[in-house]
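In: Give me the fold of what follows.
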Amino acid sequence: MYLNESIDVLPILKIVFIYNTGVAFGMLAGIKGIARLILIDTLPILAIIVSGYYAFKSQNTLNSILMGMLSGGALGNLFERLYYGKVTDFLYFHIKNHYWPAFNIADSAVTIAITGIILESILVKK
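Out: Numbers count the residues shown, from 1 in each chain. Alright, predicted model coming up:
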């Protein structure tokens, strides 16, 4: 595929080829300077270290899986960002003319993991 090209796969899904210089779902794409260094380059490294640590330390299987998904997704995007300077997004969901921002599998892993961690902390009694 060529940059910005898209292929209709399902009535609600296109496969696209775009680059994302921001974080998940294109957020903070225009950020520059020290804020970029902290939010886009340094924060994911901290998230990988902390979530990776808890993935191995946790006695709870679900928590280990969620932390592993979080660190794996963050690591995938970080590697691509450091190597290419941007992340390739390719999943583009829409309903008629209402589009969700394009994303990739790593974004999905991070989103599912964070949602799961929040739900687990709310719903599971300690």
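In: rest of the way, CA atoms for contacts and neighbours
Out: Fine.
In: how about the least confident helix or strand in the chain by mean pLDDT: buried residues?
Out: Among the helices and strands of the chain, helix 33-36 carries the lowest confidence by mean pLDDT, DSSP states H and E, at a mean of 74. Using 16 or more other CA atoms under 10 Å as the test for burial, helix 33-36 gives R36.
In: repeat for stretch 71-83
Out: Of the residues in stretch 71-83, S71, G72, G73, A74, L75, N77, L78, R81 count as buried by neighbour count, 16+ other CA under 10 Å.
In: Among the residues you listed, which lie within helices?
Out: S71, G72, G73, A74, L75, N77, L78, R81 (DSSP state H).
In: So which residue is dead centre in the chain?
Out: D107 (2.1 Å; CA atoms, centre = their mean).
In: picking that back up, which of the ones in helices among the buried residues of stretch 71-83 lies at the shortest distance from I7?
Out: Using CA to CA, N77 is the member of these that lies nearest I7, at 23.0 Å.
In: contacting residues around the closest one?
Out: V87, A106, D107 (CA atoms under 8 Å, 6 or more residues apart in numbering).
In: just the helices in the chain please.
Out: According to DSSP H, the helices that the chain contains are 33-36, 43-57, 61-84, 105-123.
In: ok and the third one relative to helix 43-57, angle-wise?
Out: So that's helix 61-84. Put simply, helix 61-84 runs at 150 degrees to helix 43-57, going by axes from the mean of the first three to the mean of the last three CA atoms, to 10 degrees.
In: Off-centre distance for helix 61-84?
Out: Taking CA atoms, centre = their mean, to the nearest Å, one finds helix 61-84 lying 8 Å from the centre of the chain it belongs to.
In: quick one, it and helix 105-123 angle?
Out: 150 degrees.
In: what mean pLDDT does helix 61-84 have?
Out: Helix 61-84 carries an average pLDDT of 92.
In: What of stretch 45-52?
Out: For stretch 45-52, the per-residue pLDDT averages 90.
In: would you put the C-alpha positions of it in PDB?
Out: Extracted in PDB, the C-alpha atoms of stretch 45-52 (Å, rounded to 0.1, in the frame of the first residue of the first chain):
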ATOM      1  CA  ILE A  45       9.600   3.800  28.900                       C
ATOM      2  CA  LEU A  46       8.400   4.300  32.500                       C
ATOM      3  CA  ALA A  47       5.100   2.500  31.700                       C
ATOM      4  CA  ILE A  48       7.000  -0.500  30.200                       C
ATOM      5  CA  ILE A  49       9.200  -0.800  33.200                       C
ATOM      6  CA  VAL A  50       6.500  -0.500  35.800                       C
ATOM      7  CA  SER A  51       3.900  -2.700  34.000                       C
ATOM      8  CA  GLY A  52       6.500  -5.300  33.100                       C
END
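In: Understood, closing this out.
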